[in-house]
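Visitor: just coords:
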């Protein structure tokens, strides 16, 4: 395959960046990948496991001559990283990001964008509860969506090339307007994460049930919540602070709905509960049919089958 | 292995009963398994796939001569099923159940228990989001907990034999008092399920984000919620109606905690959020260390690894 970009720079070397590297290598779609991470420990780990062709100690060296610079840092620091690298960017280069929030990131980045450099915001909808340079794997983006959010007046060629790049990493790509993006992910990701964090915290606080018991007997729904709640704390803090309005709107609706179900339980209204649960089950079927998850038993965790 | 019971009757042939049958067959731990389900369609399916040695059309025939009768029906009908079969139970037989609530089930069953028959309530902490006679598999209980809740004055020998039976199905067994059981599962399972149902319902209601978008872009936390929310509606309706007090208590605490996190988001209190998320991450680590889940990447759903 012809190279889509000659040189790609990954800034920040966590789960997403490391998966991007292994997927780029798998596809043979770029000639060279440079990397930078703020922490010396992360850079050492990256060098040890062969993550990136070169890992630089200086962010300026990493982005120099790059045709594509991918900002894989927490959403809260996108603007300051952009400010740092702006002077070293090659004319004609494209900068993108992988942050979970788009309105705020675009507002942080655009003021620092040099003339002749393109910025096309992006968000791959893929992840695990693991983080750090060792957590990546080439298949992370396979058949997942990557949402591109081009700023007004973005260069169509730069957008098309970035789209081809994400497709080569295994993703399906869609373009979306920033505000709509932030609402969609508030529903499908941000509010669910906050709720999972909350429930895990409640369980931990409950003194009449010991932590040991919570952990021991967590085979049911709680186990799935703890997976979600194990995600990177810094990343999620920044997500909630920068997608405040949409997240708070969804949480407000959630609370209303939860109160209605609580009232049905208190009043013994079984019909209300049954109808509600039947509806949510149908939504799940839709997700399986849309190919966003498998129908595997035991939550797909390798539970066996009858012979 | 010597047979732990000669004849076991499974009443209700869904996920748990069918998994018990395949696990009994795998272990060779009983001589004969009879079955009954209220629905003719379920009985036909069971016969078609070889679930149970004999499937009876009459519940009385299924329990006659059984040494162990396992009630695998929704929690709301345990009492009426017990009333139906009481006259046909063999003296010395043990009756148990697999319901997710124990105080209410014990209160329903005990009034109908004939002299000379033992009742030892039980609850295997295992499941998937699938239901019905085709959903079972022999490994469902492997290394999961089964909680036994003997009524006061239960026969120690009957308890010991039921414990040996569940251990032979692959479970770890613990005894627990009914009220404490109901609180523990309210935290680890019932409240998380209600919350997942709620969030899935909210997403579906939101008119500015289409169902198609919710489903398409559900790779994040929402996907795990929909798995939980796909569980059997009748079973869960009964769980919430019969474990009302403990569930409402936990939901009350959950709401308090959620309000505190919402306030932190609104006020931009990043330190509060970061500290909270760091704590929940540690709880997740505890669960992995306790062996209740795997540390597999991609939420264990068969995501690949880098080469």
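Guide: Noted; the coordinates are in hand. No experiment lies behind these values; they were computed from the predicted model shown. Residues are numbered from 1 along each chain as shown, chains lettered A, B, ... in the order given.

Visitor: Quick one: the helices in the stretch 151-300 of chain A, in order.
Guide: All helices of the stretch 151-300 of chain A, identified by DSSP state H, counting those that start in this stretch, fall at A:156-168, A:178-185, A:191-205, A:211-216, A:221-228, A:233-242, A:244-267, A:270-289.

Visitor: Please name every helix or strand in contact with the shortest one.
Guide: Other elements packing on helix A:211-216 under the criterion 3 or more Cβ pairs under 8 Å, 6 or more residues apart in numbering or on different chains; DSSP states H and E are helix A:191-205, helix B:270-289. Heads up, the C-betas are built off the backbone N, CA and C, glycines and all.

Visitor: is the longest one up against chain A anywhere?
Guide: Yes. Applying Cβ under 8 Å from any Cβ of the partner chain, one finds helix B:270-289 in contact with chain A at B:270, B:273-274, B:276-281, B:283-287.

Visitor: quick one, which of the helices and strands packed on helix A:211-216 is packed in tightest?
Guide: Of the helices and strands packed on helix A:211-216, the one with the most neighbours on average (mean count of other Cβ atoms under 10 Å in any protein chain shown) is helix A:191-205, at a mean of 25.

Visitor: Test my guess that residue A:187 contacts residue B:208.
Guide: No. The criterion here is Cβ atoms under 8 Å, and residue A:187 misses it with residue B:208 at 9.4 Å.

Visitor: List, one by one, the residues from the stretch 1-150 of chain A near chain B.
Guide: With Cβ under 8 Å from any Cβ as the criterion, the stretch 1-150 of chain A meets chain B at residues A:18, A:22, A:26, A:76, A:125-130, A:135-140, A:144-145, A:147.

Visitor: how about 6 Å then?
Guide: A:22, A:125, A:126, A:128, A:130, A:137, A:138, A:139, A:144, A:145 (Cβ under 6 Å from any Cβ of the partner chain).

Visitor: Could you list which of these belong to helices?
Guide: Among the residues of the stretch 1-150 of chain A next to chain B, the ones falling in helices (DSSP state H) are residue A:22.

Visitor: can I get the residues of the stretch 1-150 of chain A next to chain B in CSV with neighbour count, pLDDT and distance to residue A:3?
Guide: Converted to CSV, the residues of the stretch 1-150 of chain A next to chain B look like this (neighbours: other Cβ atoms under 10 Å in any protein chain shown; pLDDT from 0 to 100; distance: Cβ to Cβ, whole Å):
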residue, neighbour count, pLDDT, distance to residue A:3
A:22, 21, 98, 17
A:125, 24, 92, 26
A:126, 24, 89, 23
A:128, 21, 84, 28
A:130, 19, 88, 30
A:137, 23, 97, 22
A:138, 23, 97, 17
A:139, 20, 97, 21
A:144, 19, 92, 23
A:145, 20, 93, 24
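
Visitor: Distance to residue B:10 added to the residues of the stretch 1-150 of chain A next to chain B, as a markdown table?
Guide: Converted to a markdown table, the residues of the stretch 1-150 of chain A next to chain B look like this (distance: Cβ to Cβ, whole Å):
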| residue | distance to residue B:10 |
| --- | --- |
| A:22 | 48 |
| A:125 | 42 |
| A:126 | 42 |
| A:128 | 38 |
| A:130 | 40 |
| A:137 | 42 |
| A:138 | 45 |
| A:139 | 41 |
| A:144 | 41 |
| A:145 | 43 |
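
Visitor: State whether residue A:116 and residue A:91 are indeed in contact, as I suppose.
Guide: Yes. Assessed by Cβ atoms under 6 Å, residue A:116 is found in contact with residue A:91 at 4.3 Å.

Visitor: Give me the distance between the residue lying closest to residue A:179 once chain neighbours are set aside and residue A:11.
Guide: Leaving aside its sequence neighbours, residue A:179 sits nearest to residue A:103 (Cβ to Cβ, 6 or more residues apart in numbering or on different chains; 6.0 Å). Using Cβ to Cβ, to the nearest Å, residue A:103 is found at 21 Å from residue A:11.

Visitor: Please say which of these two ends up with more neighbours.
Guide: More crowded of residue A:103 and residue A:11, by other Cβ atoms under 10 Å in any protein chain shown: residue A:11, with 26 against 20.

Visitor: per-residue confidence for the more buried one?
Guide: Looking at residue A:11, its pLDDT is 98.

Visitor: and it, what does it touch?
Guide: A:36, A:71 (Cβ atoms under 6 Å, 6 or more residues apart in numbering or on different chains).

Visitor: Then residue A:251?
Guide: A:191, B:262.

Visitor: From residue B:199, how far off is it?
Guide: Going from residue A:251 to residue B:199 by Cβ to Cβ gives 10 Å.

Visitor: what do you get for residue A:214?
Guide: For residue A:214 relative to residue B:199 (Cβ to Cβ), the value is 21 Å.

Visitor: Over to residue A:217?
Guide: 23 Å.

Visitor: can you check residue A:44 too?
Guide: In this view, residue A:44 and residue B:199 are 40 Å apart by Cβ to Cβ.

Visitor: quick one: the residue nearest to residue A:179 and residue A:176, what's the gap?
Guide: For residue A:103, the distance to residue A:176 - Cβ to Cβ - is 11 Å.

Visitor: Other residues contacting stretch A:82-96?
Guide: The list of residues contacting stretch A:82-96 from outside it, by Cβ under 6 Å, 6+ apart, reads A:60, A:63-65, A:67-70, A:109, A:112, A:114, A:116-120, A:122, A:158, A:162.

Visitor: for that stretch, what is the average pLDDT?
Guide: 97.

Visitor: Stretch A:246-257 now?
Guide: pLDDT averaged over stretch A:246-257 gives 93.

Visitor: where in the stretch 201-307 of chain A is pLDDT low?
Guide: Residue ranges of the stretch 201-307 of chain A with pLDDT under 70: A:207, A:211, A:219-221, A:287-288, A:290-307.

Visitor: ok, now with 50
Guide: Low-confidence segments of the stretch 201-307 of chain A, defined by pLDDT under 50: A:296-307.

Visitor: Please list all residues in contact with the residue nearest to residue A:174 when sequence neighbours are not counted.
Guide: Closest residue in space to residue A:174, ignoring its immediate chain neighbours: residue A:147 at 5.7 Å, by Cβ to Cβ, 6+ apart. Residues counted as contacts of residue A:147 (Cβ under 6 Å, 6+ apart) are A:123, A:174, A:176, A:181.
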